[in-house]
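Visitor: Sequence isn't available, so here's the structure alone:
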DNA sequence: AAAGGTTTTTAGAATCATTCTAATATTAAC
DNA sequence: GTTAATATTAGAATGATTCTAAAAACCTTT
């Protein structure tokens, strides 16, 4: 594993947020001013293909990266922010229904996050 | 509803496949040679915002559109093709866990589709 | 520690999907 | 049938991501 691979892996897996390539790049740039975007792309793809990190795609936003510990995601419909939830593990049940081709699943719950609710509420009612 | 809106809605909801904007455009172009891409984009977005069609985002591929009847998706990890499955409805359970902000959920099951399995199998074993 | 070979990084161009802008066309309302 | 509103067109612009070719860093083997 190369220096950047390790650094990027650490940034992703220790973050409490769900980071975009842009954010990882900014973070990394602080410590290694000569790093470029392509390096971040190369390395997140490498890590992703190796199954070491998770990629989260949501329509109309850049991909974000996450640790691989089993959990699901809440996606705010208003602001796009992600939050973790752990819903019951559906693996066994889905494997049964899907057959031997089964690899993994991805469950996203769309909602309005508390912050956006408050903001909405203020505008509409108060 | 405008002419194109209706046509695009019909193309999406009567298709057995999960169509990209590109494919919808090609289909539509056959009947209306002067239609442009932007019109397809405008209209799928309009239909999507109105909740009349579903948008399916998978990492590294263009968005695809689908009818809104309740069902989940199988995504082939090799070729990206989508197939429908109907797994048990998790709405009630997720709403309970998520709270009043809940809107809807999206369940994608990644697998290797039968065609890709066969292709793989041939290369590896036979 | 120099030479050779592989892998990584860099810089910047290229690509792809999608959105935007401004002008034109179509539709609906009066 | 004129006005106002909305939709469509054409093409430029944007944003995210990939690609390409050259330079740099990293191993190995001497």
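Guide: The structure has been received and is ready for your questions. As the structure is a computational prediction, the values presented were derived from the model and not from experiment.
Visitor: give the contact list for the closest residue to residue A:95 other than its chain neighbours.
Guide: Leaving aside its chain neighbours, residue A:95 sits nearest to residue A:102 (4.5 Å; criterion: C-beta to C-beta, 6 or more residues apart in numbering or on different chains). Yep, even glycine has a C-beta here, placed from its N, CA and C like the rest. Shown in contact with residue A:102 (C-beta atoms under 8 Å, 6 or more residues apart in numbering or on different chains): A:94, A:95, B:109, B:111.
Visitor: Return the subset of the residues you listed lying in strands.
Guide: The members of the contacts of residue A:102 that map onto strands under DSSP state E are B:109, B:111.
Visitor: need the contacts of residue A:102 in CSV with neighbour count and pLDDT, can you?
Guide: Formatted as CSV, the contacts of residue A:102 follow (neighbours: other C-beta atoms under 10 Å in any protein chain shown; pLDDT from 0 to 100):
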residue, neighbour count, pLDDT
A:94, 20, 98
A:95, 17, 97
B:109, 24, 97
B:111, 25, 96
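Visitor: Give me every residue in chain A lying close to chain B.
Guide: A:55, A:57-59, A:63, A:74, A:77, A:85, A:87-88, A:90, A:93-94, A:97-99, A:101-114, A:117 (C-beta under 8 Å from any C-beta of the partner chain).
Visitor: And the buried ones among those, selectable in PyMOL?
Guide: Remark: buried members of the residues of chain A next to chain B, expressed as a PyMOL selection using 16 or more other C-beta atoms under 10 Å in any protein chain shown:
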select buried, chain A and resi 55+57+58+63+74+87+90+94+97+98+101+102+104+105+106+107+108+109+110+111+112+113+117
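Visitor: Mind checking which of the residues of chain A next to chain B land in strands?
Guide: Assigned to strands by DSSP E, the following of the residues of chain A next to chain B qualify: A:55, A:74, A:85, A:102-111.
Visitor: which residues does the closest residue to residue A:106 other than its chain neighbours bridge with?
Guide: The shortest distance from residue A:106 to any non-neighbouring residue, by C-beta to C-beta, 6+ apart, is to residue B:108 (4.7 Å). Residue B:108 has these beta-bridge partners by DSSP bridges: residue A:106, residue B:73.
Visitor: is it true that residue B:108 touches residue B:77?
Guide: No - with contact defined as C-beta atoms under 8 Å, residue B:108 does not reach residue B:77; the gap is 10.8 Å.
Visitor: Thanks again, I'm all set now.
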